[in-house]
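Dropping the sequence and predicted coords here.
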Amino acid sequence: MQLIDTHTHLDFPVFDADRAPLLARSRALGVERMVVLGVYQSNWQRVWDLVQTDSQLYAAFGLHPVYLDTHRPEHVIELGQWLSRLAGQRQVCAVGEIGLDYFLPALDRERQQSLFEAQLQLAADLQLPALLHVRRSHAQVIATLKRFKLQRGGIIHAFAGSREEAREYIKLGFKLGLGGAATWPQALRLRRVLADLPLDTVVLETDSPDMAPVMFANQRNSPEHLPAICEALAEVMNLSPERLAEASTANACAVFGW
């Protein structure tokens, strides 16, 4: 199987001790390309430095809603400057990780919305896909995306919504990112939704080092777990792992223009 991990945080310090052998093991298992997402202004350089060490790593840059208290108004301006300066570089693939998080009550929703819209505007202006964090905020994210109508769409990271929400995202040109969450047997609603998803709408991800699948419970998640995630999700979707791998890889290439 040839796979693409569309959502990782391989720049995080938890990988510092064994990042190179981890990448080698992942490649040996068929995980050829991986996307590393920036989440706040002070880790963009770290992300970019990392992807420069490996031609099959790709960078996305954004201001994640969970880190709202660390973001400053000037960081949006700096993000635009980063993306403009790196425009045309093959290893820059998206704006992200951006979005809305209504799960954590301390995160001011108006500030989140303003930040989200400013970054969607950058994606629109620079004709880049957007990689979205959506937690208990599907209705607001969908309403916002309907206003922006991004030409290149993007990916709904760790999709865990309803069938109706899936349909709305698909109509807006977005793929649905699937990872470790649906491998857990207690994720009954999500597993039912996955069984009905069109194959041309899904991409695979790990969210490394977070969201470990059930077969690696309580362990650091890693791109090398993606083949096992693919196998588990293929069973839920009543597909062969090879077919899911082929489709998800093609869908990721379509999003990123590879």
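Yep, it's here. Residues are numbered from 1 along each chain as shown.

immediately after the longest helix anywhere in the chain, which helix or strand?
Identified as the longest helix of the chain according to DSSP state H is helix 109-126. Using DSSP states H and E, the next helix or strand after helix 109-126 towards the C-terminus is strand 130-135.

Tell me which other helices or strands the longest helix of the chain touches.
Contacts defined by 3 or more C-beta pairs under 8 Å, 6 or more residues apart in numbering; DSSP states H and E place helix 109-126 against helix 73-85, strand 92-101, strand 130-135, helix 138-148. Every C-beta, even on glycine, is put in place using the N, C-alpha and C of the backbone.

Now do that helix and strand 92-101, the angle between them.
Angle, helix 109-126 to strand 92-101, by axes from the mean of the first three to the mean of the last three C-alpha atoms, to 10 degrees: 160 degrees.

let's number from 495 now, not from 1
Sounds good: first residue 495 from here, last item helix 603-620.

Give me the mean pLDDT for helix 603-620.
Computed over helix 603-620, the mean pLDDT rounds to 98.

can you check stretch 503-515 too?
Computed over stretch 503-515, the average pLDDT equals 98.

Residues touching the helix or strand of the chain with the lowest mean pLDDT, excluding its own?
Sorting the helices and strands of the chain by mean pLDDT, DSSP states H and E puts helix 682-689 at the bottom, at a mean of 94. For helix 682-689, contacts defined as C-beta atoms under 8 Å, 6 or more residues apart in numbering pick out 654, 655, 656, 657, 660, 672, 675, 676, 727, 730, 731, 732.

can you check stretch 655-670 too?
Contacts of stretch 655-670 (C-beta under 8 Å, 6+ apart): 626, 628, 632, 636, 639-640, 643-644, 646-650, 653, 683, 687, 690-692, 695-697, 745-746, 748-749.

Count the neighbours of residue 555 for me.
Using other C-beta atoms under 10 Å, residue 555 has 28 other residues around it.

Name the nearest residue to it, sequence neighbours excluded.
residue 532 (4.2 Å; C-beta to C-beta, 6 or more residues apart in numbering).

how about the helices in the stretch 645-752 of the chain?
Along the stretch 645-752 of the chain, counting by DSSP state H, counting those that start in this stretch, helices occupy 657-665, 682-689, 720-730, 735-750.

so which of the ones you listed gets nearest residue 563?
When the helices of the stretch 645-752 of the chain are compared by C-beta to C-beta, helix 657-665 sits nearest residue 563, at 28.1 Å.

Surely residue 594 and residue 610 touch.
Yes - Residue 594 lies in contact with residue 610 (C-beta atoms under 8 Å); the separation is 5.7 Å.

hey, what's in contact with both of the two?
559, 635, 638.

Out of those residues, who's the most crowded?
Neighbour-wise, the shared contacts of residue 594 and residue 610 (other C-beta under 10 Å) top out at residue 559, 29 neighbours.

mind listing what it touches?
592, 593, 594, 595, 601, 606, 609, 610, 627.

re the thing from before, so which of the helices and strands packed on helix 603-620 is nearest residue 703?
When the helices and strands packed on helix 603-620 are compared (using C-beta to C-beta), the closest one is strand 586-595, at 14.2 Å.
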